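Participant: Prediction below, plus the sequence it came from.
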Amino acid sequence: MVAAAAVLPLAASLRHPLLWDAAFMVRDDPATADLAAALRALDEPAAASLGIASDRVGQLPYYRPLLGLLVASLRGLLGAAPAPWHALSLALHAAVAVVLLGVTRELLRRVDGEEPRAAARAALLGALLFAVAPGKAEAAAWVYGLGNLVLALLALLALRAWLADRPLALALLAGAAPFVREEGVLLAPLLLLAEVGLLPGRPGRLRRTGPAFAAAVAYLLLRARVVGGVPLPEAPPLALLAQDLALLAESARVLAWPPGRVGAYPARPPDALPALALAGLPLAAGLAWVLGRWRRAPLPAFALAWGLAWLLPWFDAGRFGEWRLTEKALLLPATGWVPLLGAALARRRAGRVLALALVALWGARTAARTAPRSSPTRFFEAVTAEAPDLATGWYMLGLARVEAGDLDGAARAFQAALEREPAHSLAWNNLGNCRWAQGRRAEAEAAWTRAVAADPANAPALYNLGMAAEARGDLAAARARYARYLAVAPEVPPGVAAHLAALGLRR
C-alpha cells in the first residue's frame, strides 16, 4: 500500500523527458561518462561536477564520488532514454517510504512503548502521508533528485541497522552516506543523538557510532584536499538568523502545501527577510519547546531534530547562489516531520480520518504538480510564471523553445533573460544564434559581440563572430576571431578543427 502511494501520484513522470540538470547528468556530464571518469572525481576537482558545473552553486563545489560511480554505472546500464531513469527514481522513492514505515513502527514500539497494533497503525499513516507529500515529490519526479533519494535510503537503513544493533551494516551504510551527498556527514551526530536520547541504556555505543564519525572525518579531509573545505557563513549574524527563520517557515509551508506548479524558489532580496523571519519565530519557538521536553517526549524531539538537521546546509542559503530552497532538499526533513504528524493524528479516530483525507489531498496535489514536467517548454514556462525575475528560468525557456523550433519565442525568452541579467553571456550568444537563423545577421553579430564583452572566454560566441566575419568576406577579422576561439575553447570538434586548419589556424 505504501509503495503504491509513493508511485501512483508520480506515475505520469514515466512519460516525461529529462529536464534541466537531469538531462545533462544522464547524457552529457563528462564527470560520469564512464567509470574511469567517475573514479577521477575522487581526486580531481574538475571531475566532481555531477550534473551541474560547480560554479553554479556558488561557494559550495560538489564532492560526491559514490554518487558519481553510481550514475556512471547507470548510464552504461540504462542508456539515455528517460523512462528507465524515471522508473528508477520512482522505485527508490517507494523504497524510502517502505523503509520509513518499518523504522517508524519500530521506534514507536521500542521508544514510545506503543503496543504493536497502535504502532503499526501510526507508522502506516505516517508512511502514507510521506509517500504522497507534494512538497518533497521533486526528488522523485526529477531524475536529478537521485542523490537525495539514495542518501535518504542509506540514512533510514542506517537507522534501522542501529535499532537492530547490527554494527557492520551500520558502519557500511553510514560510511557511504557522505560520499553520496555532502550532508551525509550529519548522519554520525544524528546516530549519537539517537544513542543518547532514544535508547540510552544500550551498551556498545562507540562500536555503533564510531565508524560513522570516522567516515565523516575521512570525507571532510578528502573533500578539503580535492575541492576545498566547507565555507563558513559570510552573512552578519542577525542577517543569517533572519534568513534561517525565513527558511524554516518556508520549508514548513512548502511541505504542508507547496505553492505553484514547479517549486521555483529564487533567492529573496535582503530587505524582504525581516518580514519573512517573523513567520518563522512561532515555528522556531515551538521547535525549541518540543526539544526542551526531550526527556518526557524523546521520540517527537528526535524526529524534529532529525528533520531540522538535514536542512542545515541550506541555513547558509547564500552559498547556493540564485536559489533559497529546492523541494528535493526537503525529502530528508520530511522523513522526520511527516511521520511525526502521522503518529500525532493516529491517536484519535477524528485524527485518523483527517490523515486519510490529507493523503487524498496531498496525492492529488502531487499528481497535479507533475504535469508541467511533460515537456521542457511547458516546465520553463511555469518556472518563468512563478519566478518572473529569475534570468536562468527565461534562459532555459529560450533553449527549450529553440529545441522545439520556435525561434521567435526563443528570442523573446533570451531577451527577457537579458532584461534581468544584462551580462548573461550565454543568453547573448543564443540570442545571436536565433537572429542568424532568422536572417538578421547584423543583429546576430551585435549580440555575439555583447556575449564576448560579457565573457571574453565565451568560445561559442567567438567562433560565431569568426563565422560572421568569414560570411561577409572579411577573412582577416575571421582569422583573428577564430584564433581567439582556439585559445579559449576547451575542446574543438573535428569538423571545426578541419575548417580552421584550411584557413591556416591550428592549436
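Facilitator: Everything's here; your move. Numbering: from 1, shown residues only.

Participant: make it CA atoms for all contacts and neighbour counts henceforth
Facilitator: Noted.

Participant: Wait, a helix at residue 347?
Facilitator: No. Counting by DSSP: H, G, I helix; E, B strand; the rest coil, one finds residue 347 to be coil, located in no helix.

Participant: how many neighbours does it have?
Facilitator: Residue 347 has 13 neighbours, counted by other C-alpha atoms under 10 Å.

Participant: where in this protein is pLDDT low?
Facilitator: Scanning the chain for pLDDT under 70 picks out the ranges 44-61, 230-240, 266-281, 283, 287, 290-291, 293, 315-324.

Participant: so how far is the helix with the most length in it off the chain centroid?
Facilitator: Ordering each helix of the chain by length in residues (DSSP state H) puts helix 82-110 first. Centroid displacement of helix 82-110 relative to its chain, using C-alpha atoms, centre = their mean, to the nearest Å, is 18 Å.

Participant: and it, what does it pack onto?
Facilitator: helix 2-7, helix 116-132, helix 138-141, helix 146-163 (3 or more C-alpha pairs under 8 Å, 6 or more residues apart in numbering; DSSP states H and E).

Participant: hmm, 6 Å instead?
Facilitator: If you count contacts as 3 or more C-alpha pairs under 6 Å, 6 or more residues apart in numbering; DSSP states H and E, helix 82-110 packs onto helix 2-7, helix 116-132.

Participant: so which of those helices comes closest to residue 365?
Facilitator: For the helices and strands packed on helix 82-110, proximity to residue 365 was assessed by C-alpha to C-alpha; helix 116-132 is nearest, at 8.6 Å.

Participant: Tell me which residues are up against the closest one.
Facilitator: With C-alpha atoms under 6 Å, 6 or more residues apart in numbering as the test, helix 116-132 has contacts from 2, 5-6, 97, 101, 104-105, 108-109, 338-339, 342-343, 346, 359, 362-363.

Participant: Just the buried ones out of the residues you listed, please.
Facilitator: Neighbour-count burial (16 or more other C-alpha atoms under 10 Å) applied to the contacts of helix 116-132 gives 2, 5-6, 97, 101, 104-105, 108-109, 338-339, 342-343, 346, 359, 362-363.

Participant: In space, what's closest to residue 167 - neighbours in sequence excluded?
Facilitator: Nearest non-adjacent residue to residue 167, counting by C-alpha to C-alpha, 6 or more residues apart in numbering: residue 208, 5.1 Å away.

Participant: Can you get me a residue count around that neighbour?
Facilitator: Residue 208 has 23 neighbours, counted by other C-alpha under 10 Å.

Participant: how many degrees apart are whichever strand or helix holds it and helix 146-163 in direction?
Facilitator: Assigned by DSSP states H and E, residue 208 belongs to helix 205-226. Here helix 205-226 points in a direction 160 degrees away from that of helix 146-163 (axes from the mean of the first three to the mean of the last three C-alpha atoms, to 10 degrees).

Participant: Past helix 205-226, which element shows up next along the chain?
Facilitator: Next helix or strand after helix 205-226 toward the C-terminus (DSSP H and E): helix 237-256.

Participant: list the helices and strands that next one packs on?
Facilitator: If contacts are counted by 3+ C-alpha pairs under 6 Å, 6+ apart, helix 237-256 sits against helix 273-292.

Participant: so how far is residue 81 from the residue nearest to residue 111 when sequence neighbours are not counted?
Facilitator: Leaving aside its sequence neighbours, residue 111 sits nearest to residue 198 (C-alpha to C-alpha, 6+ apart; 6.1 Å). For residue 198, the distance to residue 81 (C-alpha to C-alpha, to the nearest Å) stands at 45 Å.

Participant: Counting neighbours, go ahead and name the busier of the two.
Facilitator: Just comparing residue 198 and residue 81: by other C-alpha under 10 Å the higher neighbour count belongs to residue 198, 22 against 14.

Participant: All the helices of the stretch 301-450 of the chain, in order from the start?
Facilitator: Under the criterion DSSP state H, counting those that start in this stretch, the stretch 301-450 of the chain contains helices at 331-345, 349-370, 376-386, 391-403, 407-420, 425-437, 441-454.

Participant: would you turn those helices into a markdown table with distance to residue 155?
Facilitator: Below are the helices of the stretch 301-450 of the chain laid out as a markdown table (distance: least, C-alpha to C-alpha, whole Å):
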| stretch | distance to residue 155 |
| --- | --- |
| helix 331-345 | 9 |
| helix 349-370 | 24 |
| helix 376-386 | 31 |
| helix 391-403 | 33 |
| helix 407-420 | 39 |
| helix 425-437 | 39 |
| helix 441-454 | 44 |
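
Participant: Show me the one of those helices that comes nearest residue 12.
Facilitator: With C-alpha to C-alpha, the closest approach to residue 12 among those belongs to helix 349-370: 7.1 Å.

Participant: Restricting to C-alpha, output the closest one in PDB.
Facilitator: Provided in PDB are the C-alpha atoms of helix 349-370 (Å, rounded to 0.1, in the frame of the first residue of the first chain):
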ATOM      1  CA  ARG A 349     -10.400   8.500  15.400                       C
ATOM      2  CA  ALA A 350     -11.000  12.000  14.100                       C
ATOM      3  CA  GLY A 351      -7.300  12.400  13.600                       C
ATOM      4  CA  ARG A 352      -7.100   9.200  11.600                       C
ATOM      5  CA  VAL A 353     -10.000  10.400   9.400                       C
ATOM      6  CA  LEU A 354      -8.200  13.700   8.900                       C
ATOM      7  CA  ALA A 355      -5.000  11.900   8.000                       C
ATOM      8  CA  LEU A 356      -6.700   9.800   5.300                       C
ATOM      9  CA  ALA A 357      -8.300  12.900   3.900                       C
ATOM     10  CA  LEU A 358      -4.900  14.600   3.800                       C
ATOM     11  CA  VAL A 359      -3.400  11.600   2.000                       C
ATOM     12  CA  ALA A 360      -6.100  12.000  -0.700                       C
ATOM     13  CA  LEU A 361      -5.500  15.800  -1.000                       C
ATOM     14  CA  TRP A 362      -1.700  15.500  -1.000                       C
ATOM     15  CA  GLY A 363      -1.800  12.700  -3.500                       C
ATOM     16  CA  ALA A 364      -4.000  14.800  -5.900                       C
ATOM     17  CA  ARG A 365      -1.700  17.800  -5.400                       C
ATOM     18  CA  THR A 366       1.400  15.700  -6.200                       C
ATOM     19  CA  ALA A 367      -0.200  14.400  -9.300                       C
ATOM     20  CA  ALA A 368      -1.200  17.900 -10.500                       C
ATOM     21  CA  ARG A 369       2.200  19.300  -9.900                       C
ATOM     22  CA  THR A 370       3.800  16.500 -12.000                       C
END
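
Participant: elements contacting that helix?
Facilitator: helix 116-132.

Participant: Buried ones in the helix it packs on, by neighbour count?
Facilitator: Within helix 116-132, the residues scored as buried using 16+ other C-alpha under 10 Å are 118-132.
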